[in-house]
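1. Next one to model:
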Amino acid sequence: MTPLDPQAVSALFTRADGAFLFARWGRPIAPVVFGVTDETVAVLKGAIEALCVLTGHKMAETDPELGANLMVFFLRDWDELPATPNLDRLVPGLGPLVARLKAAEANQYRIFRFDDAGAIKACFSFIRMDEHLGQVPADTLALNQMVQAHLLWSDTAFTDASPLAMVEGHAVLRPDIADLMRAAYDPVLPAMAQDPAHALRLAARLGRAQ
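-> Below is the predicted model of the structure:
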């Protein structure tokens, strides 16, 4: 697969309102997972670890400021969120958010928090296991979700095409997306950018970001 061109890279970080916004994690990822079996937790953490190896980023047991900074919640119904103890402290406006998610019949939602430099410092990922997601293999679901938590992608980034591909019946990260994720964590580049020219800097590294 050929590398993404600058226009395609830009589209992956250009939001529906037309604003370009790129951000990567600025601290080690310390994950915690709720609502699934220990076996599924291991699959999710394995996906995070694989992506950290890919990008050269780090994982940690705990975050000194937040304890856990990547919180993944699996649930059957959005009404479970307001019943989760203290979640309203982490997610202001939880009630109206749940109402919007129910109205949209959404099955996933992510909230990012950022440090003073604009880098990602926390991510809350909510996954409602509807009929569609319930049919997705655990390893496929885990990899897809962790890819989307690893960078601040556009809200429309993977609407038309998944970041994954099927190889011999198994889901793997698309080579062009893997290349882009490696480039995104190049330490020479800033952890956050709002200038669309950042897409050109990313694209220039594709094909050699090994």
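
2. for stretch 108-126, which positions count as buried?
-> Burial within stretch 108-126, assessed by neighbour count using 16 or more other Cβ atoms under 10 Å, is assigned to 108-110, 115, 118-126. Just so you know, the C-beta spots here come from the backbone N, C-alpha and C atoms, and that holds for glycine as well.

3. how long is that stretch end to end?
-> Stretch 108-126 stretches 5 Å from its first residue to its last (Cα to Cα, to the nearest Å).

4. what's the distance between it and the middle of its chain?
-> 9 Å (Cα atoms, centre = their mean, to the nearest Å).

5. What is the nearest of the buried residues of stretch 108-126 to Arg76?
-> Phe126 (11.9 Å; Cβ to Cβ).

6. so how far is Tyr109 from Gly35?
-> Between Gly35 and Tyr109 the distance is 14 Å, computed by Cβ to Cβ, to the nearest Å.

7. go on, Pro196?
-> Using Cβ to Cβ, we find Pro196 at a distance of 26 Å from Tyr109.

8. what residues are up against the residue nearest to Ala199 when sequence neighbours are not counted?
-> With Cβ to Cβ, 6 or more residues apart in numbering as the criterion, Ala199 has its nearest non-adjacent residue at 3.7 Å, and that residue is Ser10. Counting by Cβ atoms under 8 Å, 6 or more residues apart in numbering, Ser10 touches Phe20, Pro196, Ala199.

9. Just give me the closest of these to Ala178.
-> Distances from Ala178 to the contacts of Ser10, taken by Cβ to Cβ, are shortest for Ala199, at 17.3 Å.

10. what helix or strand does the closest one sit in?
-> Per DSSP states H and E, Ala199 falls inside helix 197-205.

11. Same check on Ser125?
-> strand 120-128.

12. Give me the below-cutoff pLDDT ranges for this structure.
-> 1, 207-210 (pLDDT under 70).

13. Mind telling me which residue is nearest the centre of it?
-> Ala149 (1.5 Å; Cα atoms, centre = their mean).

14. surely that residue meets Ser125?
-> Yes: here Ala149 reaches Ser125: they are 5.4 Å apart, a contact under Cβ atoms under 8 Å.

15. shared neighbours of those two, anything?
-> Taking Cβ under 8 Å, 6+ apart as the contact rule, Ala149 and Ser125 both touch Leu70, Val72, Arg110.

16. What is the nearest of these to Val172?
-> Val72 (20.7 Å).

17. For that closest one, which three-state class applies?
-> strand (DSSP: H, G, I helix; E, B strand; the rest coil).

18. burial measure for it, as a count.
-> Look at Val72: counted by other Cβ atoms under 10 Å, it has 26 neighbours.

19. Which helix in this structure has the most residues?
-> helix 38-55 (DSSP state H).

20. How about it, which residues are buried there?
-> Thr40, Val41, Val43, Leu44, Lys45, Ala47, Ile48, Leu51, Cys52, Leu54, Thr55.

21. TSV for those, including distance to Pro3?
-> Listed next are the buried residues of helix 38-55 as TSV, based on distance: Cβ to Cβ, whole Å:
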residue	distance to Pro3
Thr40	33
Val41	34
Val43	29
Leu44	29
Lys45	29
Ala47	23
Ile48	25
Leu51	19
Cys52	22
Leu54	16
Thr55	16
